[in-house]
Each structure stands twice: as C-alpha cells, then as structure tokens.
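Peer 1: What follows is a protein structure lacking sequence information:
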Ligand SMILES: Cc1cc2nc3c(=O)[nH]c(=O)nc-3n(C[C@H](O)[C@H](O)[C@H](O)COP(=O)(O)O)c2cc1C
C-alpha cells in the first residue's frame, strides 16, 4: 500500500517506504517501533532529482510513489547519500528504468559501488561545494563521511532550505504521519539511533555540524524515521550536546580518567584491582576508579568506557578463558571511538593464566594503546606482588597522563 504522498516543500515529496514490522536493524539495534527507508523526489523547472532509494524488498512501494509524481524520462539525477543496501536496494532497477539519469555519489562511494551492484555503472562524484541545478532548484553537496558509512554525504536544497542529512538525525521509528509534529513520541528512538549509529563517529558528527552551520535549515529530511520540521535547530542542538567530549559535563579540567574493570570469585583479582587503582589514583591529575563487572549494565559500561582515557581490564582465568562479562565489556567498544585510549590487562590464575593475554589481544584489535604487558599473578597475591600491582597501576596512569615515554613492546 502506498498511502499518501507527503510534501516536504514545493515540489519536494517523500517517495520512501515504511517497514512497520522490522524488529532488529543492522544486527546491533532493536527496532521496537519498526522503521522507514526515506527517499525523496525533488522536481525543478528543468527536471527531477531522486534522493536515495529503499531496501530492495520495498522497491514496489518506492516505484509506485515515484510514478505518481513523475515519468522516468524526467529524472535527471539520482543522488545516493551513502550506498548502504537499505538505501541503494532499488538503485539498479531505477537506473534501468531511467537510463538517462546521472548517478551522483561521494568520492568514497566509488570503491563500494561495483562491489554492491556487481556491474560497472557511470557516476559523477560530489564533493563539498558541488551543486546541481534543476532550473529553479539548486542542490549543494557536503561531504560528511563516516556518518555512518565512510561514503556518507549530505545535501542542501537552497530554495526550500531542506537538509538531506543521510542517516544523520535518523530514527528507527515507523509512523506514516511522517512529520515530527504529527507522529508519536520518537525522542527515545532519535537518541537510541544516535547512540548506536553515530556515537562511534563523534568527531565526524562535530565536523558535519560545523558544515551544516552555514545554512538556514527549515527542515531536515533524514533517511530513517520522522522528517524534522519543528524547529530543526533543536535536533542539531541535541547532536551538538551528545557529540561533545564525554568529560565535558564533568568539572575535571586538565584531569584524566582511568577505569579498572574486574571480576573475581575468591577476591584474588579483586585484591589486584584495588592496588592497581590505588597506584593509578596516586598519579597527579589522574582520577582512578574501579568497577565490578558483575554488577554493570551494558549502558553503564558504554558510558564509563566513553569517559575513560585509560581502561584496565582484569579477569581470572576460568577454563582457559577470560570471564564473559570482561568480553561483554569489550564488546561495547564498537559503540565508541576507541582509537587512542590507553589499555592494560591483569588477572589471577591457577595454572595456565591465559585470560589477561587474551584480553590484551582483543584490546589490540580494538585499537587501544597497550604500553605494558599483561600482569598475571598465581592464585593469592603476596605483599610483594601487591606492590607490583600498585606499580603497574601507576605506570599505566603515568603513560596515560603523558608523563612517561611508552616502552616499545
Ligand atoms: C571453575 C574454575 C576453572 C578454572 N580454570 C582455570 C584455568 O583454566 N586456568 C587457570 O590458570 N586457572 C583456572 N582456575 C583458577 C583460577 O583462575 C584461580 O583460582 C584464580 O585465583 C581465581 O581468581 P579470583 O579469585 O579473582 O576469581 C579455575 C578456577 C575455577 C574455579
């Protein structure tokens, strides 16, 4: 069913598709309220531009809406703001139906186009500042990479002051009333989408917001969820707030945060954690705290990891492995910018002691800086060994504070 064709501006229409029943998106997101694959059609005095397509299974809805608004011969441009399959699924078919149309993609999309479509397709590259004209409508492109695919770009329709933001400002929230002032309360979906899709790319979010600043924006047309026309600046402000440095809201100027995460059955790894934390906290400018993984929810883990300049993870070795909550902690890192955080691992063991090494390897893949070798202590730490733990914490903290030259391991 096609339903109504919503108008965003003069001769600017929604031609996307609704997916009310989807419950998991991109594996990592729960979509309790379904979603939508937004695409738009802009008609100018000299032709038509199609902004993105939809997921392949929803092609029929897209083409039906499109056919109500234009003839295929009128399409001059097809813009893909990024090539993810939920937006490029109908591209091949659209290009067959409108062979005269010029495909416009970002420079970074070139490497993916052939891999996705399995054929050579002609295209034009749009970098920041490039414009196309449809006669009385002008579309300007902005490079906004990694939001959330490397090839992401945005565009701005000057005459209608519409920002086509790609996945930026999106929500997985199905509601055919479409506009933010007509749909239900989607604020949780807007924030959830930011947290799961945009947060790992905060620095790119800030860059995109800087670029958007040059425009007067009356309406934001994202690729998922409600179209944002009620004070778009509110949504921009939320992204500004969320994309700040995680420590910006704390009054700890000049200080750094080190978090020690641990788990322990007979208090051996706990005793190590306490001394490591003490050693780290004694370093001037470092605020060190310890957290028992047994009682941390995933969202707490993400928030703590985000604000930490240094992360030390401790696990006993149990059946040749680190304990699951330690892996769960590290599994939160794809939601965050990890590059550059200092990392280290430790743990008590009985005979083989693999856990700290395994966690160390994992942290290496996650792009932590790991300046010291894992610290392993057999069963109950002695007083001497506890002193080693203290020195270990101090060393990691000093490196994180930039006070020591890192040893090449
Ligand atoms: C069920 C179980 C399995 C264990 N498996 C291993 C193992 O595979 N390798 C090892 O070195 N130690 C193993 N241990 C020994 C613990 O790592 C050791 O007791 C350690 O000191 C526990 O530290 P914690 O008090 O911090 O939990 C095992 C202990 C238990 C209870």
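Peer 2: That came through fine. In this text, all values refer to a predicted model and were calculated from it rather than measured experimentally. Residues are numbered from 1 along each chain as shown.
Peer 1: what's the average pLDDT for the longest helix anywhere in the chain?
Peer 2: Ranked by residue count and defined by DSSP state H, the top helix of the chain is helix 383-400. The pLDDT scores in helix 383-400 average 98.
Peer 1: list the buried ones in that helix?
Peer 2: Burial within helix 383-400, assessed by neighbour count using 16 or more other CB atoms under 10 Å, is assigned to 385-386, 388-390, 392-400. Yep, even glycine has a C-beta here, placed from its N, CA and C like the rest.
Peer 1: need the residues of the stretch 301-409 of the chain near the ligand, please.
Peer 2: By CB under 6 Å from any ligand atom, the part of the stretch 301-409 of the chain that sits against the ligand consists of 316-320, 348-353, 379.
Peer 1: ok, the residues you listed vs residue 119, which is closest?
Peer 2: Of all these, residue 320 has the smallest distance to residue 119: 48.0 Å, by CB to CB.
Peer 1: what phi and what psi does the backbone show at the residue lying closest to the closest one once chain neighbours are set aside?
Peer 2: Nearest non-adjacent residue to residue 320, counting by CB to CB, 6 or more residues apart in numbering: residue 354, 5.6 Å away. As for residue 354, its main-chain torsions (degrees, to the nearest 10) stand at phi -80, psi -30.
Peer 1: wait, isn't residue 354 in contact with residue 323?
Peer 2: No: the pair residue 354 and residue 323 fails to qualify as a contact (CB atoms under 8 Å) at a distance of 11.9 Å.
Peer 1: Settle it for me: which of those two has more neighbours?
Peer 2: The neighbour count for residue 354 versus residue 323, taken as other CB atoms under 10 Å, is higher for residue 323 (23 against 18).
Peer 1: pretty sure the more buried one contacts residue 316?
Peer 2: Yes: the pair residue 323 / residue 316 is scored as a contact, 6.8 Å apart, by CB under 8 Å.
Peer 1: For the two, list the residues in contact with both.
Peer 2: Listed as contacting both residue 323 and residue 316 by CB atoms under 8 Å, 6 or more residues apart in numbering are 263, 355.
Peer 1: In the residues of the stretch 301-409 of the chain next to the ligand, which residue is surrounded by the most others?
Peer 2: Top of those by neighbour count (other CB under 10 Å): residue 348, with 30 neighbours.
Peer 1: What sits closest to that one if chain neighbours are left out?
Peer 2: In space, and not counting its chain neighbours, residue 348 is closest to residue 268: 3.5 Å by CB to CB, 6+ apart.
Peer 1: Need the pLDDT of the one you found.
Peer 2: Taken from the predicted model, the pLDDT recorded for residue 268 is 98.
Peer 1: contacting residues around it?
Peer 2: For residue 268, the residues meeting the contact criterion (CB under 8 Å, 6+ apart) are 316, 348, 377, 379-381.
Peer 1: any chance of the residues you listed in TSV, plus secondary structure and distance to residue 83?
Peer 2: What follows is those, written out as TSV (DSSP: H, G, I helix; E, B strand; the rest coil; distance: CB to CB, whole Å):
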residue	secondary structure	distance to residue 83
316	coil	45
348	strand	48
377	strand	50
379	coil	54
380	coil	56
381	coil	53
